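> How does the following fold in three dimensions:
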Amino acid sequence: MDKIKSAYEMAMERFQQRKEVPRSEIDRLEYMPVGRAIAANYLRESNYDIFAEIGKHSENYKKYIIEGMQETFLNNILPPVDKSSWTTNKMVMEGLLLIKEDKQAVEEVYGRLEYLFKYYEQTLVQTYSQFKDDYSAKISATARSMGKMTGGKLKIDPEKQPGFREEWMKILGRLNEQYTKVLGEQKDKLRKIN
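Just a heads-up that it's a prediction; the model follows:
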């Protein structure tokens, strides 16, 4: 009958079977966060010199730093729900242009992104207007019946009604979900550009 192994023996066997992590992967795990921090500082501070920050590190780690910067930049490209997101998207695009070699390919994707963002804004305005009209119609029936009971006419602002914001956020979430998929495809294209 086979000998029953102790927990220690089984742990030692697993330890001996483990794969050694290559030095390049250790460097990548160490320097990608550096790149993320550089990109975050670039987005926060005007006139931030990313090349001076990259230059503080060995040339061997530059690709990992740039990879970390790229991921931070790509994570900050969002549908433009307000002016600040447009500003952030522009800064991200400028940052990516600085670290990418194939600037023409990056510009092509930016053109598609800008078109997508403008289309998103138009759709957002139309969707909001339609939602507000629909919500107004829904609550105006209630207001008319209340007006008949009180004998007066009630003027109700739909945006100030309970439930308006919650329902709008649901619709906005569905709209963003549609655009996030297309936006993700464009981010993947940017990721693949040298």
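
> can you give me the mean pLDDT across the longest helix along the chain?
Using DSSP state H to assign secondary structure, the helix with the most residues in the chain is helix 103-150. Across helix 103-150, the average pLDDT comes to 87.

> just checking, what packs against it?
If you count contacts as 3 or more C-beta pairs under 8 Å, 6 or more residues apart in numbering; DSSP states H and E, helix 103-150 packs onto helix 83-99, helix 164-192. (Glycine included, C-beta is placed from N, CA and C.)

> angle of the last one against helix 83-99?
Same thing as helix 164-192. Using axes from the mean of the first three to the mean of the last three C-alpha atoms, to 10 degrees, the direction of helix 164-192 lies 10 degrees away from that of helix 83-99.

> And for Lys132, nearest residue in space, chain neighbours not counted?
Closest residue to Lys132 apart from its sequence neighbours, by C-beta to C-beta, 6 or more residues apart in numbering: Pro158 at 5.8 Å.

> among the helices and strands packed on helix 103-150, which is nearest Met10?
helix 164-192 (41.3 Å; C-beta to C-beta).

> Check which helices and strands that closest one sits against.
Short answer (3+ C-beta pairs under 8 Å, 6+ apart): helix 164-192 packs on helix 62-75, helix 103-150.

> Repeat the analysis, applying 10 Å as the threshold.
helix 62-75, helix 83-99, helix 103-150 (3 or more C-beta pairs under 10 Å, 6 or more residues apart in numbering; DSSP states H and E).

> now these as TSV including mean neighbour count?
Formatted as TSV, those follow (neighbours: other C-beta atoms under 10 Å):
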stretch	mean neighbour count
helix 62-75	20
helix 83-99	16
helix 103-150	14
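
> residues touching the closest residue in space to Val81 that isn't next to it in sequence, list them.
Leaving out its chain neighbours, the residue that sits closest to Val81 by C-beta to C-beta, 6+ apart is Leu124, at 7.1 Å. Leu124 makes contacts with 79-81, 172, 175-176, 179, as judged by C-beta atoms under 10 Å, 6 or more residues apart in numbering.

> Next, name the residue at the spatial heart of the chain.
For the chain, the residue nearest the mean C-alpha position is Asn75 (4.2 Å; C-alpha atoms, centre = their mean).

> Report pLDDT for Thr88.
With respect to pLDDT, Thr88 has a value of 93.

> Now it: closest residue in space, sequence neighbours ignored.
Asn76 (5.8 Å).

> how about low-confidence regions in this protein?
Within the chain, the segments meeting pLDDT under 70 span 1-3, 143-155.

> Thanks a lot, catch you later.
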